[in-house]
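Enquirer: Got a sequence here, can you model it:
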Amino acid sequence: MDLSNVDGKLLDRLVAEARGWRLVNYETYEPVVDDEEREDAAYNDGWMWEGRPGDQEAWQWEPHTSIAAAWELVEEPYTDGWVLTVGTLAQVPRGWRVEMVHLHGHDLAQHPTNIEANADTAPTAICRAYLKAK
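Expert: Presented below is the predicted three-dimensional model:
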């Protein structure tokens, strides 16, 4: 999947699902059953990410805009052998690049050892790099 134009709540949802979380009803804990409902749930009250610590509703967790939420993703790859750097882009007036390098034991048939992602904001670049590493 080309992630260069993916952002907003879709990016948040893809990241949450890559982390193994699933959308459930906030009161009944019933899971989302179809793609259309999943799309609506990420934007509306009454849904939460099962597997996420805390009881925040799904729409409140926005790693594409929140550096605190995105930084959870920066810390997670270290357990899988990734080293991640975040820096500004020199070639453009405003932009961010995230680079990830895998240090050892990576299955090259499934994933590359070097990943880059660019975006206008650091949180969005972090989300895109995280998804590429999954």
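
Enquirer: Next up, the contacts around the most centrally placed residue in the chain.
Expert: Nearest to the mean C-alpha position of the chain, by CA atoms, centre = their mean, lies Val15 at 3.1 Å. Residues in contact with Val15 (CB atoms under 8 Å, 6 or more residues apart in numbering) are Pro63, Leu73, Cys127, Tyr130, Leu131. The way it works is simple: take the backbone N, C-alpha and C, and place the C-beta from them, glycine included.

Enquirer: Confirm the third one sits in a helix?
Expert: Yes. For Cys127, which was evaluated using DSSP: H, G, I helix; E, B strand; the rest coil, the result is membership in a helix.

Enquirer: Distance check, it against Ala18.
Expert: 10 Å (CB to CB, to the nearest Å).

Enquirer: between the two, who's got more neighbours?
Expert: Cys127 (29 against 14; other CB atoms under 10 Å).

Enquirer: Thought Pro63 was touching that one, still the case?
Expert: Yes. Counting by CB atoms under 8 Å, Cys127 touches Pro63, with 5.4 Å between them.

Enquirer: okay, and the common contacts of those two?
Expert: With CB under 8 Å, 6+ apart, Cys127 and Pro63 have common neighbours Leu11, Asp12, Val15, Ala70, Leu73.

Enquirer: Those residues into JSON lines, with extra columns for distance to Asn5 and secondary structure?
Expert: Output for the shared contacts of Cys127 and Pro63, formatted as JSON lines (distance: CB to CB, whole Å; DSSP: H, G, I helix; E, B strand; the rest coil):
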{"residue": "Leu11", "distance to Asn5": "10", "secondary structure": "helix"}
{"residue": "Asp12", "distance to Asn5": "15", "secondary structure": "helix"}
{"residue": "Val15", "distance to Asn5": "16", "secondary structure": "helix"}
{"residue": "Ala70", "distance to Asn5": "18", "secondary structure": "helix"}
{"residue": "Leu73", "distance to Asn5": "19", "secondary structure": "helix"}
